[in-house]
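>>> Model the following, please.
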Amino acid sequence: MAAYGADGGARGTEVKVTTYQTGNVPGVSYRGGVAHSPRDDEPAPAAAAPAGTSVMPADQYGPADTDGAGAPPASPPTRRRRDGAEPPGRPKKKRSGFVRFLRWFLAFWLVVIVALVALVWYVWGRIEKVDAIPSDHGSAVSDGRVFLLVGSDSREDLSDEEQSELGTGSTEGQRTDTIMLLHVPGGGARNALISLPRDSVVDIPGHGENRINAAFAFGGAPLLVETIEGATGVAIDDYVQIGFGGFAGIVDALGGVEICLDEPVQDEQAHIDLPAGCQTLQGPDALGYARARHFDPTSDIGRVQRQRELISAISDKALSPGTLVNPIELTRTALAGGDALVLDNDTGPMDMFAFIRGIGSVSGGSGDTITVPLGNIGNTVTWDPELSGALWTALQNGSDIPSEVIDAQP
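Residues are numbered from 1 along each chain as shown. Prediction:
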């Protein structure tokens, strides 16, 4: 724009006025963004520029602005960057490595979970199911969950060579070499694994008094469950059965189990000859150890104790990190279990999970392992009425096993 001198004439030099003052100057009005004196007919005095205003040659910023003379620029001129300098980019995320790790970690566990679910589904489809638990338990009651664990002397699916190797004999039909109750209380009491000697004399519905294992031979799992509920007054919720071949197969799948013997064990009928000391038993020897009784003067009483010892050893090995984190060992053991077990139709995967946890807690020392208190001991045995009654009451009420019952153990 043109600057005016004191005489009102335009100076020969064209200058550009840049104003940085943000407020209005007193006595000056603004029209269309341009300062306008109230006395338009008087020339502007040639005075010094107000504070915040600089006067520079117009050619420094180019020709005069013809559209809005006197208007300040939209923004002050920006400073040029040094030669070759690039504007700073966004800072790199320091958590990118952690995010990648988290993604891989989650993906890994997703694969593991899917694989485990698939394995459980496949194994569950291989398990044989039977109608063992009655819909009406009559007067029998229980608190928590009660599992009936049965080891049968079934030779089904065993060849003559396998029967000879396992020392099963050639008895026709099925009887129960092992009868146990696993009690998992619902109120925080200790779990309990209770052996019922197979030579216990009880009343078998429809057959009178006989050894308890005969109930299985007479009527299979349903009659055995009915017999035990009638003799104990304890309602049974789940049924778990394993045969000779299945038991040996699980032990072999685990790579054997460790047993420590105070004395040598020799039993010709069970086909075992074991030295004293700690040793790893494979399937056939483990089965023989669980069945042997002729070398032991306590007969069936000593046998049920050895059976509980073996169950604890199997549980410890199956639940050890060496098995659980090894996909090959875990799969092999699960498949062997699927081929070995017989369950009630209403027993589900979560019930079996509770069973495995219960066995694990007992073998780990967080539960009690006992034999039902006995009265008469001989070729047949009877239960002590008072002490066995206290035991069954504890299972019915979901309480700990009474100390007098534990103290009465042989």
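>>> buried stuff in the host helix or strand of Arg103?
Secondary structure assignment for Arg103, by DSSP states H and E: helix 96-126. Neighbour-count burial for helix 96-126, counted by 16 or more other C-beta atoms under 10 Å, picks out 119, 123. Just so you know, the C-beta spots here come from the backbone N, C-alpha and C atoms, and that holds for glycine as well.
>>> Mind listing residues that contact stretch 403-410?
Surrounding stretch 403-410, the residues in contact under the criterion C-beta atoms under 8 Å, 6 or more residues apart in numbering are 298, 301, 368, 370-371, 373-374, 384, 387, 390-391, 394.
>>> cool, and stretch 261-270?
Residues from elsewhere that reach stretch 261-270 (C-beta under 8 Å, 6+ apart): 167, 169, 272-279, 288-289, 291-295.
>>> Show me what the closest residue to Ile194 other than its chain neighbours is bridged to.
Closest residue to Ile194 apart from its sequence neighbours, by C-beta to C-beta, 6 or more residues apart in numbering: Leu181 at 4.6 Å. When bridges are called by DSSP bridges, Leu181 pairs up with Leu148, Ile194.
>>> I figured Leu181 was touching Leu391, is that so?
No. Using C-beta atoms under 8 Å as the test, Leu181 is too far from Leu391 to be in contact (9.7 Å).
>>> Settle it for me: which of these two has more neighbours?
Counted by other C-beta atoms under 10 Å, Leu181 and Leu391 do not tie: Leu391 has more neighbours, with 27 against 22.
>>> Mind telling me what element that one is part of?
Using DSSP H and E, Leu391 falls in helix 385-397.
>>> circling back to that earlier point, which of the contacts of stretch 261-270 are buried, as a ChimeraX select command?
Listed next is the ChimeraX selection for buried residues among these, using 16+ other C-beta under 10 Å:
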select :167,272,274,288,289,291,292,293,295
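>>> For Asp296, give me its contacts.
Per C-beta under 8 Å, 6+ apart, neighbours of Asp296: 302-303.
>>> Next up, the contacts around Gly338.
Counting by C-beta under 8 Å, 6+ apart, Gly338 has contacts 122-127.
>>> and what of Gly138?
229-230.
>>> Could you check how far the closest residue to Ser363 other than its chain neighbours is from Glu404?
Computed as C-beta to C-beta, 6+ apart, the closest residue to Ser363 that is not its neighbour in sequence is Ser312, at 3.5 Å. Counting by C-beta to C-beta, to the nearest Å, the gap from Ser312 to Glu404 is 24 Å.
>>> Those two: which is more packed in?
Each of Ser312 and Glu404 has its neighbours counted (other C-beta under 10 Å); Ser312 has more, 19 against 12.
>>> Is that one in contact with Val362, as I believe?
Yes. Counting by C-beta under 8 Å, Val362 is a contact partner of Ser312 at 7.1 Å.
>>> any residues in contact with both of the two?
With contacts defined as C-beta under 8 Å, 6+ apart, the residues adjacent to both Ser312 and Val362 are Thr369.
>>> circling back to that earlier point, give me the contacts around the helix holding Leu391.
With C-beta under 8 Å, 6+ apart, helix 385-397 has contacts from 141-143, 146, 181, 183, 192, 194, 232-234, 370, 372-373, 375, 400-402, 404-405, 408.
>>> From the contact counts, what lies against the helix holding Arg103?
helix 327-340 (3 or more C-beta pairs under 8 Å, 6 or more residues apart in numbering; DSSP states H and E).
>>> after the helix it packs on comes which helix or strand?
Immediately after helix 327-340, counting by DSSP H and E, sits strand 341-344.
>>> Ala132 is in contact with Glu226, isn't it?
No. Counting by C-beta under 8 Å, Ala132 stays clear of Glu226, with 9.8 Å between them.
>>> how does this protein divide up, domain by domain?
The chain breaks down by automatic domain parsing into domains covering 2-60, 90-126, 129-407.
>>> gap between the longest one and the chain center?
Which is domain 129-407. Mean C-alpha position of domain 129-407 versus that of the full chain (C-alpha atoms, centre = their mean, to the nearest Å) differs by 26 Å.
>>> do the same with the second one
The gap between the average C-alpha position of domain 90-126 and the chain average comes to 15 Å, counting by C-alpha atoms, centre = their mean.
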